[in-house]
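In: got a sequence here, can you model it:
(2 chains)
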Amino acid sequence: MNHLTKIKKILANLLDIDAEEITADTYLIRELDVESIDLLEIAVTLNSEFGVEIDDDAIFLKSLRIHLTGAEGSPLPLLLEKYPFLSKERLEEIIGDVADGPVLRVKDLVSYIEWRAAGPPPLPTASRS
Amino acid sequence: MRLSFSGSRALIAGGSCRIALILAKHLMDEDIFPLLTTRSRGSTEKISEHLDAYRGKFSTVHLDLANPESLGAAFSSIGDELDYLVDFAQSDYESLIASADSRKAADYFAKNISSRAELVKRATRMMLKKRKGRLIFISSTAAKLPNPGQGFYAAAKLASEGIYRNLGIEMAGRGITTLCLRPGYVDAGRGEAYLREKSREALKMVPTKKALSAGEVAETILFFLSESARGFNATEIIMDAGLSAGK
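Out: Numbering: from 1, shown residues only, chains lettered A, B, ... in the order given. Reported below is the predicted structural model:
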C-alpha cells in the first residue's frame, strides 16, 4: 500500500467518510471540515502507523500565515526553509492559493511522511509526537 | 459497591510518595499495571521495598521533570498503551514572593508547569490512540488558601490545574477526561512534617480536627479513576474535611 492510499484510509477512518471521496488534492480544512482536534488525532495516527516523528506545526502548515506575513519580499525562500518537505512548485501554488482559505491538502501530508521516512534531521520547532 | 475500570495501565508520576504507593497496591488488586516514576535510585529502591509482595505486577520508570529529556526516554520505555495518568509530581520551593531568587523561581515554574504540560501532552497522545483515558492531577488546598511562603507552590498548582481543566474540555469528545483533586492536610509527605510541628495550630481550622490519611486519599483517587466517576471532568474536587469552607 503506498503512502497516499494509506493516508486516505487513515483519514477516512478518523473522519468517518469514504476513502473514495479523498484525493491527493483534497483540502483537509476547506473540504473535509477538519478541526484542530482532528488534526491532533491525525498526527498521532500518522506517528503510530508510519513510525515517524510528526511535528504538528510543520505538517499542518500551522504557522504558514505568520511566515507569509514575516517575510520581506518574496516569501518563497523562507517557506522553502520552513517546509523542506514541500517542493518549490507546491509552495508557489500555496502562495497563490492562500487568499482563498486554508491551503493544506492531502498531498502535503504524503510529502511530509515521505520526507520523514527518508530520514531528515528533526525540524527546529517543537510539538512532536 | 464494586468499582469497575476500563483500563489496564496507569502511569503514576511522583510514584514514590506514600499515597502513590498505596494507590499502586489498590490498582494492582484491580489488575491494573502501575508504572511508577522515580527521580533517583533511592526512590526506586523505596518502591521495590514497599511493593515487594507485588513483584512482577508493576514497574518503575525514571522521570525527572527537571530534565525534559527524561520525558522522551520515559515514554519510549513504557510501551504503546496508557489508560491512566495520576500526577503527584511536585517539587518544593518555599519563599516569600518578594524575597524569591528569580532564577530559582523560573526553574521552579519550568519544572512544575512547562515540563508537566509536556508530560500531559505525551500521555494524552498515547491515550488518543485508543480514544480513551483518564488523567488526575493531585493539587492542593494551597491553590485556594494562600499561605506565606507558599506562593510559588500555589501558583504552580493553579497553573497545572488550568492545564488539566482545559485538557478535559479539549479531549472529552475523544474519550479522555481529567480531574484535579485538592487534598487538605494529609498525614503523609510534606504534610506529615508540617503536622508534626504544627498539628494543633493547623488542625484547629479543620472542622473534623483530623488530618486525612494517605489511605483515604488513595481510595478517593481510585474511585475517581473508576467508571463510576466518569461524570467528573475538567473540574477540581476539594478534599479537605471542610478546611476551606469556613472562615
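
In: enumerate the residues of chain A near chain B.
Out: Residues of chain A lying close to chain B by CB under 8 Å from any CB of the partner chain are A:37, A:40, A:41, A:43, A:44, A:45, A:47, A:48, A:129. Placement of C-beta: from N, CA and C, glycine included.

In: which helices and strands sit right next to the strand or helix carrying the fifth one?
Out: With secondary structure defined by DSSP states H and E, residue A:44 is part of helix A:36-50. Under the contact criterion of 3 or more CB pairs under 8 Å, 6 or more residues apart in numbering or on different chains; DSSP states H and E, helix A:36-50 touches helix A:3-15, helix A:56-59, helix A:106-117, helix B:115-128.

In: now render the ones you listed as a markdown table, adding mean neighbour count.
Out: Output for the helices and strands packed on helix A:36-50, formatted as a markdown table (neighbours: other CB atoms under 10 Å in any protein chain shown):
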| stretch | mean neighbour count |
| --- | --- |
| helix A:3-15 | 17 |
| helix A:56-59 | 21 |
| helix A:106-117 | 20 |
| helix B:115-128 | 21 |
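
In: and residue B:38, which of those is closest to it?
Out: Closest of the helices and strands packed on helix A:36-50 to residue B:38 is helix B:115-128, at 14.3 Å (criterion: CB to CB).

In: hmm, who's touching that closest one?
Out: Helix B:115-128 is contacted from outside by A:40-41, A:43-44, A:47, A:129, B:11, B:13, B:63, B:65-66, B:68, B:71, B:75, B:80-83, B:85, B:87, B:89, B:133, B:135, B:160, B:163-164, B:167, B:171, B:174-176, using CB atoms under 8 Å, 6 or more residues apart in numbering or on different chains.

In: what's the closest residue to residue A:4 other than its chain neighbours in contact with, if anything?
Out: Nearest residue to residue A:4, sequence neighbours excluded (CB to CB, 6 or more residues apart in numbering or on different chains): residue A:110, at 5.1 Å. Residues counted as contacts of residue A:110 (CB under 8 Å, 6+ apart) are A:3, A:4, A:7, A:24.

In: closest one to chain B out of the residues you listed, please.
Out: Of all those, chain B sits closest to residue A:7, with 16.8 Å by CB to the nearest CB.

In: am I right that that closest one is in contact with residue A:109?
Out: Yes - applying CB atoms under 8 Å as the test, residue A:7 and residue A:109 come out as touching, 5.4 Å apart.

In: now do the shared contacts for the two.
Out: Residues touching both residue A:7 and residue A:109 (CB under 8 Å, 6+ apart) are residue A:46.

In: pick out the lowest-pLDDT one from the residues of chain A next to chain B.
Out: Minimum pLDDT for these is recorded at residue A:129 (49).

In: tell me which helix or strand in chain A has the weakest average pLDDT.
Out: When each helix and strand of chain A is scored by mean pLDDT, DSSP states H and E, helix A:64-70 comes last, with a mean of 91.

In: would you put the C-alpha positions of stretch B:102-121 in PDB?
Out: The C-alpha trace of stretch B:102-121 is given here as PDB (Å, rounded to 0.1, in the frame of the first residue of the first chain):
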ATOM      1  CA  SER B 102      14.500  34.900  40.400                       C
ATOM      2  CA  ARG B 103      16.500  32.100  38.800                       C
ATOM      3  CA  LYS B 104      15.100  29.500  41.300                       C
ATOM      4  CA  ALA B 105      11.500  30.800  40.700                       C
ATOM      5  CA  ALA B 106      11.900  30.500  36.900                       C
ATOM      6  CA  ASP B 107      13.400  27.000  37.200                       C
ATOM      7  CA  TYR B 108      10.600  26.000  39.600                       C
ATOM      8  CA  PHE B 109       7.900  27.100  37.100                       C
ATOM      9  CA  ALA B 110       9.800  25.400  34.200                       C
ATOM     10  CA  LYS B 111       9.900  22.200  36.100                       C
ATOM     11  CA  ASN B 112       6.400  22.200  37.700                       C
ATOM     12  CA  ILE B 113       4.400  23.800  34.900                       C
ATOM     13  CA  SER B 114       6.200  23.600  31.500                       C
ATOM     14  CA  SER B 115       7.500  20.100  32.000                       C
ATOM     15  CA  ARG B 116       4.200  19.000  33.400                       C
ATOM     16  CA  ALA B 117       2.500  20.300  30.300                       C
ATOM     17  CA  GLU B 118       4.900  18.100  28.200                       C
ATOM     18  CA  LEU B 119       4.100  15.100  30.400                       C
ATOM     19  CA  VAL B 120       0.400  15.600  30.000                       C
ATOM     20  CA  LYS B 121       0.800  16.100  26.200                       C
END
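
In: thanks a lot, see you next time.
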